[in-house]
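Trainee: Model the following, please.
(2 chains)
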Amino acid sequence: MTVYYTKEHEWLRVEGNEAVVGITAHAANELGEIVFSEARDPGTTVEQGDSVAVVESVKAASDIYAPVTGDVLAFNDALTDDAALINRDPEGEGWIVRMTVADATQLEGLMDHATYTALVG
Amino acid sequence: MTQPLLRTPLYDLHIELGARMVPFAGYDMPVQYPAGVMAEHLHTRAKAGLFDVSHMGQVRIRPRSGNIADAAHALEALVPADIVALKPGRQRYAVFTTDDGGISDDLMVTNMGAWLLLVVNAACKAANFAHVHKALNETCTVERLDGRALIALQGPAAEAALTALNPAAAAMRFMDVAEMDLAGVSCIVSRSGYTGEDGYEIGMANEGAETVARALLAQPDVAPVGLGARDSLRLEAGLCLYGADIDLTTTPVEGALEWSIQKSRKPGGARAGGYPGARIVADQLADGTTRRRVGLRAEGRAPVRGGVALFADEAGQVPAGRVTSGAFGPSVGGPVAMGYVATDHAGVGTRLFASVRGRLLPVSVVALPFVPATFKR
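Mentor: Residues are numbered from 1 along each chain as shown, chains lettered A, B, ... in the order given. The predicted structure is shown next:
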């Protein structure tokens, strides 16, 4: 199990051919109180960089971009009634979407924890 | 974007309080403090919020004759509100209209006894000043009060907090205006604001702003509130944001602002018309309009934001209008919005469909405001 990070402040926890995607604590803090989240329907194929979900805070709506190409498997249903879970536990219970990883070589272009931490200071 | 951002006299205080600053209408303004938008919004409705609105424009109009009625008559040539009947120590909401019947800004007008005080939107202040100066220069001196700050104290605990600094604040009623000393600073205080809550707006010379702000923040129930919560508060209160909910393309009648046109200025009134676009507005008052500003409440939890298209049918074939402001309403506990819809679909209870990210989400036309006003009338 390895966790990767993107410049757009998503994290991706890879388990075999699948991955769980969320936003980083830094991103959750920047967005402010999150009031709503939804993802593309299960079965939808998204290309790396496509919008795979949306997170809406009291300030604005923000797209969550697919860190890799793959198929959407599930949205975190716990967020339907409690989107603020993303603020409380952004890199754990507040995960957003589960998806397949179609091309593992795309992972090589993502950051590890140390690199991401250096990026956000 | 090479122009440096302007700062209000409270800039250092905002930084000290840990504000997150953002550019707004050419100023570096606090969008939120560490408490966050949601907490600041709820604190204002439960206790009292302190807002820096010093970026707004203030204009003094003095009649050259020395007779305030001359200034009032002159200003009525620019706004459909009754200014002549506005008594000393009273304030009123008004709009500047254009020859097309559109709105070039909304503003507050106060009769200060010997002069009129206008408070206009930050983004419009240069244009407004030029507009008023050109139209009134013959009968009045028109002066920008750039050396004055403005803060708002809003919420149910506002009266107690301000009364602690000067007991005279308690006797004021909604839209009353009085000059009083607060923490040793000479201020112009109005019992008004833009949140739907009881409260005050307090103007003073820039040098005194921090003293007054600190004295208010020292009161037990007062917390600083940024522009983020100011926007969700005014939206829940059903109040228009100029540039979003009203603009050059919307008339006062389309904007559901008929209440800002008093009887004396409507057809048949003592001083009917006489403002830019008066004929168009009069026709609309008589015949209605093809669209109208309404409140919108989404059935789901997804916020429906400004710019979203509205349809009359679930298939999205029949256009019905457009959302102009929308957000999550912390006091409502769900999404709230305003927008313009075709009059056929403007009745309270009408079900419409908002196009959000390719889906058509059901919304209902509802009466404004979303949160009842608590003004001390």
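Trainee: that's a helix at B:Arg230, yeah?
Mentor: Yes. Assigned with DSSP: H, G, I helix; E, B strand; the rest coil, B:Arg230 falls within a helix.
Trainee: Nearest spatial neighbour of it, chain-adjacent residues omitted?
Mentor: Ranked by Cβ to Cβ, 6 or more residues apart in numbering or on different chains and with sequence neighbours excluded, the top spatial neighbour of B:Arg230 is B:Phe51, at 5.8 Å. Every C-beta, even on glycine, is put in place using the N, C-alpha and C of the backbone.
Trainee: Next: B:Ala19.
Mentor: Once flanking residues are discounted, B:Ala19 sits nearest to B:Pro30: 3.5 Å by Cβ to Cβ, 6+ apart.
Trainee: what sits against the one you found?
Mentor: B:Pro30 sits next to B:His14, B:Leu17, B:Ala19, B:Arg20, B:Met21, B:Val22, B:Asp52, B:Pro224, B:Gly226, B:Leu227 when contact means Cβ atoms under 8 Å, 6 or more residues apart in numbering or on different chains.
Trainee: What pLDDT is listed against the second one?
Mentor: You'll see B:Leu17 listed with a pLDDT of 98.
Trainee: Burial check on it, number of neighbours?
Mentor: Neighbour count for B:Leu17, taken as other Cβ atoms under 10 Å in any protein chain shown: 18.
Trainee: Would you list the phi and psi of the residue nearest to B:Arg230?
Mentor: The phi and psi torsions at B:Phe51 (degrees, to the nearest 10) take the values phi -120, psi 140.
Trainee: what comes up buried for stretch B:15-29?
Mentor: Buried positions in stretch B:15-29, judged by neighbour count with 16 or more other Cβ atoms under 10 Å in any protein chain shown: B:Leu17, B:Ala19, B:Arg20, B:Met21, B:Val22, B:Ala25, B:Tyr27, B:Asp28, B:Met29.
Trainee: dump the residue contacts of the third one.
Mentor: It refers to B:Arg20. Neighbouring residues of B:Arg20 by Cβ under 8 Å, 6+ apart: B:Pro30, B:Val31, B:Gln32, B:Tyr33, B:Gly226.
Trainee: Return the subset of those residues lying in strands.
Mentor: By the criterion of DSSP state E, membership of the contacts of B:Arg20 in strands covers B:Pro30, B:Val31, B:Gln32.
Trainee: returning to that earlier point: what's the most distant pair in the buried residues of stretch B:15-29?
Mentor: Pairwise distances across these peak at 20.8 Å for B:Leu17 and B:Ala25 (criterion: Cβ to Cβ).
Trainee: quick one on the thing from earlier: out of the contacts of B:Arg20, which is nearest to B:Asp181?
Mentor: B:Pro30 (26.4 Å).
Trainee: The stretch 101-250 of chain B: helices as residue ranges?
Mentor: Counting by DSSP state H, counting those that start in this stretch, the segments of the stretch 101-250 of chain B that form helices are B:125-136, B:158-165, B:206-217, B:227-236.
Trainee: winner for burial among those?
Mentor: helix B:227-236 (a mean of 25; mean count of other Cβ atoms under 10 Å in any protein chain shown).
Trainee: Counting by contacts, list what that one packs against.
Mentor: Helix B:227-236 makes packing contacts with strand B:27-32, helix B:37-46, strand B:48-52, strand B:319-329, strand B:334-342 when contacts are defined by 3 or more Cβ pairs under 8 Å, 6 or more residues apart in numbering or on different chains; DSSP states H and E.
Trainee: Can I get the ones you listed in CSV including distance to B:Gln219 and mean pLDDT?
Mentor: Converted to CSV, the helices and strands packed on helix B:227-236 look like this (distance: least, Cβ to Cβ, whole Å; pLDDT from 0 to 100):
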stretch, distance to B:Gln219, mean pLDDT
strand B:27-32, 19, 97
helix B:37-46, 13, 97
strand B:48-52, 8, 98
strand B:319-329, 27, 97
strand B:334-342, 30, 97
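Trainee: Turn these into a markdown table, columns for distance to B:Ala72.
Mentor: As requested, those are exported to a markdown table (distance: least, Cβ to Cβ, whole Å):
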| stretch | distance to B:Ala72 |
| --- | --- |
| strand B:27-32 | 31 |
| helix B:37-46 | 33 |
| strand B:48-52 | 29 |
| strand B:319-329 | 32 |
| strand B:334-342 | 31 |
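Trainee: Out of those, which is the most enclosed?
Mentor: Across the helices and strands packed on helix B:227-236, the average number of neighbours (mean count of other Cβ under 10 Å) peaks for strand B:48-52, which reaches a mean of 27.
Trainee: what angle do it and helix B:227-236 make?
Mentor: 110 degrees (axes from the mean of the first three to the mean of the last three Cα atoms, to 10 degrees).
Trainee: Other residues contacting strand B:48-52?
Mentor: For strand B:48-52, contacts defined as Cβ under 8 Å, 6+ apart pick out B:8, B:10, B:14, B:29-30, B:40, B:43, B:149, B:151-158, B:161, B:195, B:199, B:213, B:216-217, B:219, B:221-226, B:229-230, B:233.
Trainee: Check stretch B:39-46 too.
Mentor: With contacts defined as Cβ under 8 Å, 6+ apart, stretch B:39-46 is touched by A:58, B:32-33, B:35, B:49, B:154-156, B:195, B:197, B:223-226, B:228-229, B:232-233, B:330-331, B:371.
Trainee: let's see it at 7 Å
Mentor: Outside stretch B:39-46, the residues that touch it by Cβ atoms under 7 Å, 6 or more residues apart in numbering or on different chains are B:32-33, B:49, B:154-155, B:195, B:197, B:223, B:225-226, B:229, B:232-233, B:330-331.
Trainee: picking up where we left off before, save the helices of the stretch 101-250 of chain B as a markdown table, and put in mean pLDDT too.
Mentor: Putting those into a markdown table (pLDDT from 0 to 100) gives the following:
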| stretch | mean pLDDT |
| --- | --- |
| helix B:125-136 | 95 |
| helix B:158-165 | 98 |
| helix B:206-217 | 98 |
| helix B:227-236 | 97 |
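Trainee: what does chain A put close to chain B?
Mentor: A:Gly32, A:Glu33, A:Val35, A:Phe36, A:Glu38, A:Val54, A:Glu56, A:Val58, A:Lys59, A:Ala61 (Cβ under 7 Å from any Cβ of the partner chain).
Trainee: I'd like those written out as CSV, with neighbour count, secondary structure and pLDDT added.
Mentor: Below are the residues of chain A next to chain B laid out as CSV (neighbours: other Cβ atoms under 10 Å in any protein chain shown; DSSP: H, G, I helix; E, B strand; the rest coil; pLDDT from 0 to 100):
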residue, neighbour count, secondary structure, pLDDT
A:Gly32, 19, coil, 90
A:Glu33, 21, coil, 92
A:Val35, 24, strand, 94
A:Phe36, 21, strand, 95
A:Glu38, 21, strand, 95
A:Val54, 18, strand, 95
A:Glu56, 22, strand, 95
A:Val58, 24, coil, 89
A:Lys59, 22, coil, 83
A:Ala61, 15, strand, 90
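Trainee: and which of the residues you listed is nearest to B:Val142?
Mentor: For the residues of chain A next to chain B, the nearest to B:Val142 is A:Lys59 (37.2 Å; Cβ to Cβ).
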